[in-house]
Structure formats: C-alpha cells, structure tokens
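Colleague: I'd like to go over a predicted model; first the sequence, then the structure.
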Amino acid sequence: MWISRPTSSCFIWGESKHLGFLLLERNHHTFIYHTQNTQMSSQQAIQTGVFCWAELATPNLDAVQPFYAQLFHWNPTPSPDPNGDPYTFCQSGEDTIAGMYAFQPGEAGQYPRWDSYIAVADAQHAVNVARVTGGTILTEPTEVMNMGTMAAIQDPGGAVIRVWQPHKPEPIPAAGAPGTIVWNELATRNTQACTEFYTEVFGWKAEYTEDPMPYTVFWKDDVRAAGMMEMGDNFPKEVPAHWMPYFAADDVDHLQTLAKSLDGEIVVPAQDVPTVGRFAVLQDPGGATFSVIKFSEA
C-alpha cells in the first residue's frame, strides 16, 4: 500500500496491495481470529506484554467526540479527576474502550493520531531495555493521575509506542465487539532492528512468513500481540514509521458512508482481502487515521 502525509500531518493510506492481516491463523484453509475473538471479560487482569489501551490525540475534541460516538456508539465521558489534565474516556456500555485528549493547534511535536499502549510490569525496566536496544526515550516514566506509570519510546525504525505500568490490576479492554480495537500493526522500514527491539523490550517472539506477503506476527506467550510489515518503495520517503489500530466492524461499507457524512474522510475505500475479511481506512474530522475491519466467518 502507499501512504502520503496530508497538510494535517496525519497518515493517509491509498490503494492497498496488502495489509497485515496475518494476526489471523491459517487452519485447514480458514483464518481464525486469535486475540480473543469474543468480548473479553472485564474481570480478567491485563496481561503484560500485550496492548492494553488506545488514546486519540486531536486538535478538535468537540468535532471528534460526536464523530466516534455516532460511528462506534461510544459514550464520551470526561475524566472524573478534577486535578488532572482534561481527558475523555470513551465507553461502550460498561466497557471503557479508549481515551481522548486535545492539544493546541501548532503545539510542538503534536499531530492528530491514535497512540497505542503496551502493558508492562515495570516501566523503568522497559525504558532501560529500550535504551540499549536502539530505542529513544521520548518521555521518561511518569506518574499519570495516580493510576499508573507511562513512558513514550521511539523504536529503532522511528515509530512511537507507549508503555503502561498500572498501579493495581486493571480489566482487559473489551475486544471483538463492534467499535473495539482488534489489532495493532507496525509499519516500518527497519524490520530487523524492530524485531530485536520488540522481542527484547516486551518478551515477544517473532514469527515471519512470506505467504501471502512478507509479514511478522509477534507473540506474547500463546497470544498474538501485534503485527509488523515493511514499508517498501510504495511508501513515500516522507512517511514515517507508525502503529495503526484496527477497530471491529459489523458493516464496513456502512461505517465508511457514515464517517463521510460525519465530516470524516474515506482514505481507503472498503475492499476485500480473500479469506480474511473486508476493511477500510478512515480519517476523523480532527485528522487522525484508523482502520475498520469485519473478519470473514471461519
């Protein structure tokens, strides 16, 4: 696929030759979604080394809140901490799906995006290992609202990932239901260095395949943690490495039409990936890009 950077500084995906859907396991010529194909129980504790949170940074919170509320049936709920920075939790029923916060237009280092967090037992240890495996520490371990410790790390390929050390056991985010995140994928120009980095920092194991395309699946124990694809010549040089979230959808075509009607953009129109499912890439009114997917029936 090719990507270009628009004036809003977010990522735009164009005609796609392939996407990293090898989060799916080929089994008797079918693909089975592995990372909890039913909604996760809110009573289970987050496993370290897997994605635990997603967060939207946007210059226009007033525009994106109703967008996601109508697109995914989320209920935006302001943070209950009056002493904390303004923050919105996105809820679906009793489940909290993601977070949102606003930055000032023109603020240094900020652009519209979805950020991904990986749970760790010790944020300082993760930072220490990242330093010696080619990572750059953008934010040192920092306490957040008395809830846990966060750090931001740039991997050797240039993509930014965040780590989260909760102070007490937290429920696993809901996954599998429409509007929940079902996959996270790294696009990078340095797969070799990133493989070493992520396996060392998070204890992942890498499984590489070339069928039907070159792709790496990262495992944490018996759980598929993430995917990685190489940014080839079809990616413009100015496009940086990045992580991409995928949200589950019941009807991809309906969501792309709805997104357009809500002042979003259709970046990659809905299309099928044989034996995998149907996906589209969308952009919210604030300029952040994300994907939606409906998996094929096994």
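Modeller: Looks like it came in fine. Numbering: from 1, shown residues only.
Colleague: Would you map the helices across the stretch 51-200 of the chain?
Modeller: 61-72, 123-132, 191-202 (DSSP state H, counting those that start in this stretch).
Colleague: Can you convert those into JSON lines and add a column each for mean neighbour count and mean pLDDT?
Modeller: No exception for glycine: its C-beta is placed from N, CA and C like everyone else's. Output for the helices of the stretch 51-200 of the chain, formatted as JSON lines (neighbours: other C-beta atoms under 10 Å; pLDDT from 0 to 100):
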{"stretch": "helix 61-72", "mean neighbour count": "19", "mean pLDDT": "96"}
{"stretch": "helix 123-132", "mean neighbour count": "18", "mean pLDDT": "98"}
{"stretch": "helix 191-202", "mean neighbour count": "20", "mean pLDDT": "98"}
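Colleague: Tell me which of those helices lies nearest to Ala248.
Modeller: Ala248 sits nearest to helix 61-72 of all those, at 9.2 Å, using C-beta to C-beta.
Colleague: tell me which strands and helices that closest one is in contact with?
Modeller: Using 3 or more C-beta pairs under 8 Å, 6 or more residues apart in numbering; DSSP states H and E, the elements in contact with helix 61-72 are strand 51-58, strand 75-78, strand 88-92, strand 95-102, helix 252-261.
Colleague: what about the second one, distance to the chain center?
Modeller: This means strand 75-78. Put simply, strand 75-78 sits 20 Å off its chain's centre (C-alpha atoms, centre = their mean, to the nearest Å).
Colleague: Is the nearest residue to Arg131 once chain neighbours are set aside bridged to anything, and to what?
Modeller: Distances taken as C-beta to C-beta, 6 or more residues apart in numbering place Ile137 nearest to Arg131, at 6.4 Å, with adjacent residues excluded. Ile137 has these beta-bridge partners by DSSP bridges: Ile153.
Colleague: repeat for Phe279
Modeller: Going by DSSP bridges, Phe279 is paired in beta bridges with Gln271, Ile293.
Colleague: does the closest residue to Trp204 other than its chain neighbours count as helix, strand or coil?
Modeller: Excluding the flanking residues, the one nearest Trp204 by C-beta to C-beta, 6+ apart is Phe218, at 4.2 Å. Following DSSP: H, G, I helix; E, B strand; the rest coil, we place Phe218 in the strand state.
Colleague: Geometric centre of this structure: which residue is closest?
Modeller: When C-alpha atoms, centre = their mean is applied to the chain, the residue found nearest the centroid is Pro245 (2.9 Å).
Colleague: Could you check which helix or strand contains that residue?
Modeller: Per DSSP states H and E, Pro245 falls inside strand 242-248.
Colleague: what's the distance between that strand and the middle of its chain?
Modeller: The answer for strand 242-248 is 4 Å, by C-alpha atoms, centre = their mean.
Colleague: what lines up beside it in the sheet?
Modeller: Neighbouring strands of strand 242-248 in its sheet, by DSSP bridges, are strand 181-188 (antiparallel), strand 289-295 (parallel).
Colleague: Give me the residue ranges of this structure where confidence is low.
Modeller: In the predicted model of the chain, residues 1-46, 81-84, 170-175, 212, 298 satisfy pLDDT under 70.
Colleague: nearest to Ala259, of the strands paired with strand 242-248?
Modeller: Closest approach to Ala259 among the strands paired with strand 242-248 is made by strand 289-295 (8.5 Å; C-beta to C-beta).
Colleague: can you give me the angle that closest one makes with strand 51-58?
Modeller: Counting by axes from the mean of the first three to the mean of the last three C-alpha atoms, to 10 degrees, strand 289-295 lies at 140 degrees to strand 51-58.
Colleague: what angle separates strand 289-295 from helix 252-261?
Modeller: For strand 289-295 against helix 252-261, the angle by the same axes, to 10 degrees is 160 degrees.
Colleague: picking that back up, from Met150, how far out is the residue nearest to Arg131?
Modeller: Per C-beta to C-beta, to the nearest Å, Ile137 is found 12 Å from Met150.
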